[in-house]
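Visitor: Below are the sequence and a predicted model for it; my questions follow.
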Amino acid sequence: MICIGAKSYTQQQESDTTALKKIVLDEVFVSAIRVTKETPVTFSNLTKEEIMPRNLGQDIPVLMNFLPAVVTTSDAGAGVGYTGIRVRGSDATRVNVTINGIPYNDSESHGTFWVNMPDFASSTESLQLQRGVGTSTNGAGAFGASLNILTDATSMEAYGHISSSYGSFNTLRNNIKFSTGLLNEHIEISGRLSRITSDGYIDRASSELDSYFLQGSYVDDNTLIKALLFGGHEVTYQSWFGIDAETLATDRTFNPAGIYTDDNGNTQFYDREEDNYKQDHFQLLWNETISPLWSTNIAFHYTKGRGYFEQFREDDDFETYGFSPIVVDGELVNTTDLIRRRWLDNDFYGTVFSAKYEKDKINLIIGGGWNSYEGDHFGEIIWARFAGNSMIRDRYYDDDSKKTDFNLFGKINYKISQNWKLFGDLQFRTVRYNANGDETGLVDDRFNFFNPKVGVTYDLNNSNNLYLSFAVANREPNRNDYENGNPKPEKLNDFELGWRYVSPSVQLSTNIYYMRYKDQLVLTGELNDVGAPLRANVGDSYRLGLEVDAS
C-alpha cells in the first residue's frame, strides 16, 4: 500500500516531568488489568509507535498478525470488513477484549466484531495481549487470551493530521485527526473521522465503513477525567461462507453469498446480500490519585448497537415464516423466493472500578465491574414472490434476551526478596442469562464462578527472569450453544513456565504452556440456518505449546 500524509502542529512548552505525569495518568485506566515483566503472565505489548508504520486502515487483529501464537483471518481477504483473531488455536469468542478496561466482546455470542469500529487502530495508544488465562479482567473469561486496548492519550500539543492510503482491490482509507492540545493546562479535545472502502479480494466482498472518535479530557496534578464518544457504521457484502475444495482449486475468489437462479435458468447474485450495522460507544473515565500510596479508577459506559443482515432466499418453506399455503393457478404453493432481514437491536451499559495501593514490597489492586446487556432479535420479510397471509412489517420471529455480569477481584504482587516475587489473584464472577428463541428455547441460567491465580517470578539478574504460574478460568456458554440442548459451563486450568531476557539491544521471551480443559465446548461440524457453527461439551481436552518472541 502507498500512504500519503500531511501533518502540522504548534508546540507548547511543557516540562518532561509534566508530560510524563500525564502519560502515567492515562495508563492508569488499564493498569488494573495489565501486567509487567514482574508478573508471572505471558504477554506481548504493542505501542502506537509500533502500530503506526503498518496502520493503513486494516483492523487491529491484522496489525497483530506477527505476535506469537496469533493467527488472523479476513472474510473479504484484504484485512478490511469482517476480520478475526485466533490465539493458541482458540477462536475470537475465547479472546477477552477490553477498551480502556471496559468489556467489548458481544455479551451473547462472545464474539468481537472489529468491523463495527473501522480504523480504530488510528485511535489506539497501546495494547497488551496476555496469552492464556492472564490476570482477572472484566467481561467473559479468557480461554485463549485477553486483549486490552488503551485509546489515545491526552496530547500536550495541538495538531492536525490528514492521512490517506490506497492499495490492492481498490482499498482506500482516508482519515482526519486533530487535537487542541492542553488548553489552560487542563483541557484537551481531540477527535478523528475515518472512511474506508474496499472491493475485497473475494467476489463482491465490498466494504463501506465510516467511523468517528471524539474525546474530551480534564487533567490536573492528581486527576484525569475523560469523556469518549466513538462508533462506526458498516455496510459489507457478505463473504463469510465457505466453499468446497474443488471450487477452491478452480475459482479461489468464488463467493456463494446471494446466489440464486432466475426465471431463465441463469445463475444470478442478489446485489444487496449485505450486513448493515451501527454501533455507538460512550465512556466516562475518572482516575484520581488520592495519595502517594492510593489511586482509584472508575468508569461508566453505554453502547448502542442496531442493524441487520439482508438475504435472498430461494424456494424457502412457508412454515419457516408462519405463512399459510395458498392456491395459485390451481396449484398449492407452500414455498417462495423472498428477501429477509434479521435484526439485532441491543443496549449494553455498566460500570467498572478499581483501587490501587503501592508501597515498598506490596502492589495491591482491588476492582470489579457490573454490566448489563439487553438484546432484541427479530426477523422481517421485505419482499416475497408469494406472501401467503403475511402483512407488511410482520415479524416471523421476535425474541429478546437479557444478561447481567458482576465480578469482584483482588490481586497482589509481593516482593519476598531482591530476587523473588509472589503473585496472587482471586476473582468471583456471577452471570445471569435469560433468552428465548427457536434456536435457544427458553433459557434462564445463573452461573457463579471462582477464578484463582497464583505465580512466582525469580530475577536471575537485571536482564533475566523466570516465572511459573497456575490460573483457573470458568466460562458460560454462548447463545448458539443452547441450540444443542443444555450446555455446561467450561473450566480451564492453565500452567505457564517462561523465561524473559531484556537488554538494551535484545529482547527475548520464551514460554511453555499447558491448558487443560473440562467440558470444553468444541465444534461439532454442524451449522445453524444462518451459518453459525454449533458446539457441544466434551469431557477433557488440552492445548500444549512452546512460544518464542525475539526482537
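Guide: The structure has been received and is ready for your questions.
Visitor: in what helix or strand does Tyr397 lie?
Guide: Counting by DSSP states H and E, the element that carries Tyr397 is strand 395-415.
Visitor: Mind listing the strands the helix or strand following that strand pairs with, and their directions?
Guide: Remark: after strand 395-415, the chain's next helix or strand is strand 420-437, criterion DSSP H and E. According to DSSP bridges, strand 420-437 forms sheet pairs with strand 395-415 (antiparallel), strand 441-459 (antiparallel).
Visitor: could those be laid out in CSV, adding mean neighbour count, distance to Asn478 and mean pLDDT?
Guide: C-beta coordinates here come from the backbone N, C-alpha and C atoms, glycine included. Listed next are these as CSV, based on neighbours: other C-beta atoms under 10 Å; distance: least, C-beta to C-beta, whole Å; pLDDT from 0 to 100:
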stretch, mean neighbour count, distance to Asn478, mean pLDDT
strand 395-415, 17, 10, 95
strand 441-459, 15, 11, 94
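Visitor: Dump those strands to a markdown table, plus distance to Val35.
Guide: Supplementary listing: those in a markdown table, determined by distance: least, C-beta to C-beta, whole Å:
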| stretch | distance to Val35 |
| --- | --- |
| strand 395-415 | 9 |
| strand 441-459 | 10 |
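Visitor: can you tell which of those strands is closest to Thr93?
Guide: Nearest to Thr93, of all the strands paired with strand 420-437, is strand 395-415, at 14.7 Å by C-beta to C-beta.
Visitor: Could you give the bridge partners of Ala299?
Guide: Bridge pairing for Ala299 (DSSP bridges) gives the partners Leu285, Val352.
Visitor: what about the strands in the stretch 1-150 of the chain?
Guide: Applying DSSP state E, counting those that start in this stretch to the stretch 1-150 of the chain gives strands spanning 2-10, 43-47, 70-74, 83-87, 95-99, 102-103, 124-131, 145-151.
Visitor: Also compute the angle for the fifth one relative to strand 124-131, please.
Guide: The reference is to strand 95-99. 160 degrees (axes from the mean of the first three to the mean of the last three C-alpha atoms, to 10 degrees).
Visitor: residues in contact with the residue nearest the centre of the chain?
Guide: Geometric centre of the chain, nearest residue: Thr112, 3.5 Å, by C-alpha atoms, centre = their mean. Neighbour list for Thr112: 84-85, 92, 95, 97, 104-106 [criterion: C-beta atoms under 8 Å, 6 or more residues apart in numbering].
Visitor: rerun at 7 Å
Guide: 92, 95, 97, 104-105 (C-beta atoms under 7 Å, 6 or more residues apart in numbering).
Visitor: For these, pick the one with the most neighbours.
Guide: Val95 (28 neighbours; other C-beta atoms under 10 Å).
Visitor: check contacts around that one.
Guide: Contacts for Val95 (C-beta under 7 Å, 6+ apart) come out as 85, 87, 112, 142, 144-147.
Visitor: Surely Gly134 touches Gly144?
Guide: No: shown here, Gly134 and Gly144 do not form a contact pair, counting by C-beta atoms under 7 Å, at 10.0 Å.
Visitor: hang on, the earlier thing: can you convert the contacts of Thr112 into TSV and add a column each for pLDDT and distance to Tyr308?
Guide: Converted to TSV, the contacts of Thr112 look like this (pLDDT from 0 to 100; distance: C-beta to C-beta, whole Å):
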residue	pLDDT	distance to Tyr308
Ala92	90	21
Val95	94	26
Val97	95	24
Tyr104	96	21
Asn105	95	21
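Visitor: Can you lay out those residues as TSV showing distance to Thr261?
Guide: Shown next, in TSV, are these (distance: C-beta to C-beta, whole Å):
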residue	distance to Thr261
Ala92	35
Val95	40
Val97	41
Tyr104	41
Asn105	39
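Visitor: and which of these is nearest Val454?
Guide: Val95 (23.0 Å).
Visitor: Show me what that closest one is bridged to.
Guide: Beta-bridge partners of Val95, counted by DSSP bridges, are Ala145.
Visitor: With Asn170 as the reference, measure out to it.
Guide: To Asn170, Val95 is 30 Å away according to C-beta to C-beta, to the nearest Å.
Visitor: what do you get for Asn474?
Guide: On the measure of C-beta to C-beta, Asn474 and Asn170 end up 46 Å apart.
Visitor: Looking at these two, which one has more neighbours?
Guide: Using other C-beta under 10 Å as the criterion, Asn474 and Asn170 rank with Asn474 on top: 21 against 12.
Visitor: can you pull out the strands in the stretch 201-350 of the chain?
Guide: For the stretch 201-350 of the chain, the strands defined by DSSP E, counting those that start in this stretch cover 207-219, 223-237, 259-261, 267-269, 274-289, 294-317, 326-328, 331-333, 335-359.
Visitor: What sits closest to Asn148 if chain neighbours are left out?
Guide: Thr98 (4.6 Å; C-beta to C-beta, 6 or more residues apart in numbering).
Visitor: Count residues in the vicinity of the one you found, would you?
Guide: Other residues lying near Thr98 total 21 when counted by other C-beta under 10 Å.
Visitor: contacting residues for it?
Guide: So Thr98 contacts 33, 104, 137-139, 148-149 (C-beta under 7 Å, 6+ apart).
Visitor: And Leu332, by the same measure?
Guide: Pro325.
Visitor: Three-state assignment for Pro504, please.
Guide: Under DSSP: H, G, I helix; E, B strand; the rest coil, the three-state class of Pro504 is coil.
Visitor: Kindly export whatever helix or strand Ser372 lives in (C-alpha atoms) in CSV.
Guide: Assigned by DSSP H and E, Ser372 falls within strand 362-384. Extracted as CSV, the C-alpha positions of strand 362-384 are listed here (Å, rounded to 0.1, in the frame of the first residue of the first chain):
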residue,chain,number,x,y,z
ILE,A,362,3.4,-4.6,48.0
ASN,A,363,1.4,-3.8,44.9
LEU,A,364,-2.3,-4.4,45.6
ILE,A,365,-5.3,-3.9,43.3
ILE,A,366,-8.9,-4.4,44.1
GLY,A,367,-11.6,-4.0,41.5
GLY,A,368,-14.6,-5.3,39.7
GLY,A,369,-17.5,-4.4,37.4
TRP,A,370,-21.2,-4.7,36.9
ASN,A,371,-22.6,-4.8,33.3
SER,A,372,-26.0,-5.4,31.8
TYR,A,373,-27.0,-6.4,28.2
GLU,A,374,-30.4,-6.2,26.7
GLY,A,375,-30.9,-7.5,23.1
ASP,A,376,-33.8,-7.8,20.7
HIS,A,377,-33.6,-10.3,17.9
PHE,A,378,-36.3,-10.2,15.2
GLY,A,379,-36.8,-11.0,11.5
GLU,A,380,-38.7,-9.3,8.8
ILE,A,381,-39.7,-10.2,5.2
ILE,A,382,-39.2,-7.2,2.9
TRP,A,383,-40.2,-8.9,-0.3
ALA,A,384,-41.7,-12.3,-1.2
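Visitor: related to what we said a few turns ago, could I get the phi/psi values of the residue nearest to the centre of the chain?
Guide: phi -120, psi 120 (degrees, to the nearest 10).
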